[in-house]
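Chemist: Sharing a model that was predicted from the sequence below.
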Amino acid sequence: MSRPSARSFLVVALSLTLLLGGACVARDPRPATEPPPASLTDTPAVQLDDQPSAPLYGLVWQPGTSASSLSRLDPRTLLPVAGGRSLPVDRIVQWTMAPDHSMALFGPGKSEDLDPPDSNVYVIDLENMRQTAVIKAKAEVGFPRGALWLDAGRVLLLGVVDHYESVERGGVISAVSRPVLVATIVDVEKRRVVAQRRYSPGGDVAAVEPSRDGLVVMFQPTDHIGTVEVGRVDTRGGLHLVRLDRVTAGFKGAPHGGDVGSRQNVPGLTVDARGGRAYVVAAGSPVAEITLPGLSVSYHSLTVPGRAPSVLGMLVRMLTPVAPAATAKAQSGPQRQALWLGGGKLAVWGADMDFKDEDGELTGGSRPSGLQVIDTRDWSVRMLDPGVGRVVRAEGRLVTAGVTVRDAADVDRSITGDGVRIRTPGARRTVHLYAGRPFEWIQAYGRYAYVDITDPNVPTPGPTGYAVIDTRTGAVLGEHKGRTLPDLLR
């Protein structure tokens, strides 16, 4: 398994119409002027779902290589614990970690040169840092996308297998992605596969989130801009689908190939597991609210408190996660990401991008779509910070950053930002660190946030490094230059 030297930066265009509400019916699956920012006192409390009480583990990368090893890490430094063991995991990918952090399951990486394809689930004892078993499936388990621990040591694993079909349009034959979703249930105590089912939902898996009744999956079209589907994979591996007729998303390739001229609209998905609701937010569409497990759907247009709802809902920029710009693609369109905060509120952020080809030169750029909070009790929305394009949760705080990318003919790419902010509920001011610097990658564990301080304006491979921040105090505990920010196990 290899990690890109920088995370991909996603694109977005502001949609001018917001569809009104409606209804949706579940069906059987097919097998195989921007509103002013609100006062910072409006920063909501964050639901505390993932405060760690067990050791921290992560993938440590060798700078300049694709080699990685699994190690126990010190949360205050992200350095391997002294005297601890490490385990090479170059060709496999993390699937899930047990709730008590005693073991982890890994699956196959995307290695097209493997013949036959890898159909194994790898069981790793984290305390002793060794592989204890390989659970073999009869068919491919797919590239890991989601997991849910069930009763009696059973785990529901979701994987995706790449599959392509030849499609003829206007006399031109092209390969179109038709991914296969694989639901595998394994018994980690008996080291065997309990069940395995395959589905062809007709779209890409855009997001996966856990719920009380299984895994919620969002699908978007792979070869056009169309309607979104949401599925629930139950604890037996069965897939139940509902089409969101009023939510538009997907990907449409450029007429002559390549990235420039292609369009995308990627929605965000979040789940209120306690309340039994899923929410899909896409630029230019109403918010879709899906009940779980029944998959009934309602749609909601948004209003800004104190303003008429008609025009506002159309102008609010909502939804997507931002990733690295050094490997950015020239796709245009919006992308959003969402996070359930608790108390009836959810956060939405993302990026808006627009790239063009002018006489062979790439022009345009991308900008953050801003951090917004939607109150599902009255479907109002507040813009907290228009410069946010990246959000992580650290205990009861939100850690945010944003990156703007500009391309112009005969001018080098410019990547700018304004550091990191820590938002504490009820605080009149945010903690602002590294002002004026762009940050593309943030992670969090408990009270600590970890930011990649590698300069994205330096051609890769360049100097690497990361910083550790205590979000309770706002202090930078240390900078570790010459090291790559590890990927934390979840």
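Modeler: Nice, thanks for sending it over. Residues are numbered from 1 along each chain as shown.
Chemist: quick one: contacts for H432?
Modeler: G419, V420, R421 (Cβ atoms under 8 Å, 6 or more residues apart in numbering). In this view, the C-beta of every residue, glycine as well, is placed from N, C-alpha and C.
Chemist: so can I have JSON lines of the residues you listed showing pLDDT, distance to P201 and secondary structure?
Modeler: Shown next, in JSON lines, are the contacts of H432 (pLDDT from 0 to 100; distance: Cβ to Cβ, whole Å; DSSP: H, G, I helix; E, B strand; the rest coil):
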{"residue": "G419", "pLDDT": "96", "distance to P201": "40", "secondary structure": "strand"}
{"residue": "V420", "pLDDT": "97", "distance to P201": "37", "secondary structure": "strand"}
{"residue": "R421", "pLDDT": "96", "distance to P201": "38", "secondary structure": "strand"}
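Chemist: which one among the residues you listed gets closest to R483?
Modeler: When the contacts of H432 are compared for distance to R483 (Cβ to Cβ), V420 comes out closest, at 18.4 Å.
Chemist: Just give me the neighbour total for the closest one.
Modeler: Neighbours of V420 under the rule other Cβ atoms under 10 Å: 26.
Chemist: So what sits opposite it in the bridge?
Modeler: The bridge-partner assignment for V420, based on DSSP bridges, gives A401, L433.
Chemist: same thing with V281?
Modeler: V281 has the following beta-bridge partners by DSSP bridges: G268.
Chemist: isn't it right next to R336, touching?
Modeler: Yes: shown here, V281 and R336 form a contact pair, counting by Cβ atoms under 8 Å, at 5.6 Å.
Chemist: out of those two, which sits in the more crowded spot?
Modeler: The residue with more neighbours, out of V281 and R336, is R336; 28 against 25, by other Cβ under 10 Å.
Chemist: so how far is T270 from that one?
Modeler: Using Cβ to Cβ, to the nearest Å, one obtains 10 Å as the distance from R336 to T270.
Chemist: Common neighbours of these two, please.
Modeler: V281.
Chemist: How about G387: what's its closest non-neighbour residue?
Modeler: The shortest distance from G387 to any non-neighbouring residue, by Cβ to Cβ, 6 or more residues apart in numbering, is to G402 (4.4 Å).
Chemist: Now do that neighbour, the pLDDT please.
Modeler: As predicted, G402 sits at a pLDDT of 93.
Chemist: same deal with T376?
Modeler: Here the pLDDT value assigned to T376 is 97.
Chemist: Could you report the neighbour count for the residue nearest to it when sequence neighbours are not counted?
Modeler: Residue nearest to T376 in three dimensions, not counting chain neighbours: G344, with 5.0 Å by Cβ to Cβ, 6+ apart. Neighbourhood size, G344 [other Cβ under 10 Å]: 15.
Chemist: Over to the one 5 residues further on?
Modeler: Taking other Cβ under 10 Å as the neighbour definition, W349 ends up with a count of 30.
Chemist: Name the helix or strand for it, please.
Modeler: Secondary-structure element containing W349, defined by DSSP states H and E: strand 345-358.
Chemist: roughly how far out does that strand sit from the chain middle?
Modeler: Counting by Cα atoms, centre = their mean, to the nearest Å, strand 345-358 is centred 14 Å from the centre of its parent chain.
Chemist: quick one: buried residues of that strand?
Modeler: Going by neighbour count (16 or more other Cβ atoms under 10 Å), the buried part of strand 345-358 is K345, L346, A347, V348, W349, G350, A351, D352, M353, D354, F355, D357.
Chemist: before we move on, the earlier item: hmm, the residue nearest to G387 is touching P368, no?
Modeler: Yes: with contact defined as Cβ under 8 Å, G402 counts as touching P368 (3.8 Å).
Chemist: hey, what's in contact with both of those two?
Modeler: Taking Cβ under 8 Å, 6+ apart as the contact rule, the neighbours common to G402 and P368 are V322, G387, V388, G389, R390.
Chemist: check contacts around the fourth one.
Modeler: In other words, G389. With contact set as Cβ under 8 Å, 6+ apart, G389 has these partners: P321, V322, W349, G350, A351, R367, P368, S369, G370, A401, G402, V403.
Chemist: quick revisit: roughly how far does the residue nearest to G387 sit from S369?
Modeler: Distance from G402 to S369, counting by Cβ to Cβ: 9 Å.
Chemist: These two - which one has more neighbours?
Modeler: Higher neighbour count among G402 and S369: S369, with 31 against 28, using other Cβ under 10 Å.
Chemist: The more buried one touches A351, doesn't it?
Modeler: Yes: using Cβ under 8 Å, S369 is in contact with A351, at 5.9 Å.
Chemist: any idea how far A435 lies from G387?
Modeler: When Cβ to Cβ is applied, the distance between A435 and G387 equals 12 Å.
Chemist: Show me whatever sits in contact with both of these two.
Modeler: D418.
Chemist: Name the residue in those two with the higher neighbour count.
Modeler: The residue with more neighbours, out of A435 and G387 and counting by other Cβ under 10 Å, is G387; that gives 19 against 10.
Chemist: Surely the more buried one touches G419?
Modeler: No: no contact is recorded between G387 and G419 when judged using Cβ under 8 Å, the distance being 9.9 Å.
Chemist: coming back round to it: quick one: mean pLDDT for the strand holding W349?
Modeler: Taken as a whole, strand 345-358 has an average pLDDT of 84.
Chemist: So in that sheet, which strands flank that strand, and in what orientation?
Modeler: Strand 345-358 has its sheet partners listed here by DSSP bridges as strand 333-342 (antiparallel), strand 361-368 (antiparallel), strand 371-375 (antiparallel).
Chemist: got JSON lines for these, with distance to G202 too?
Modeler: JSON lines is the format used below for those (distance: least, Cβ to Cβ, whole Å):
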{"stretch": "strand 333-342", "distance to G202": "20"}
{"stretch": "strand 361-368", "distance to G202": "29"}
{"stretch": "strand 371-375", "distance to G202": "29"}
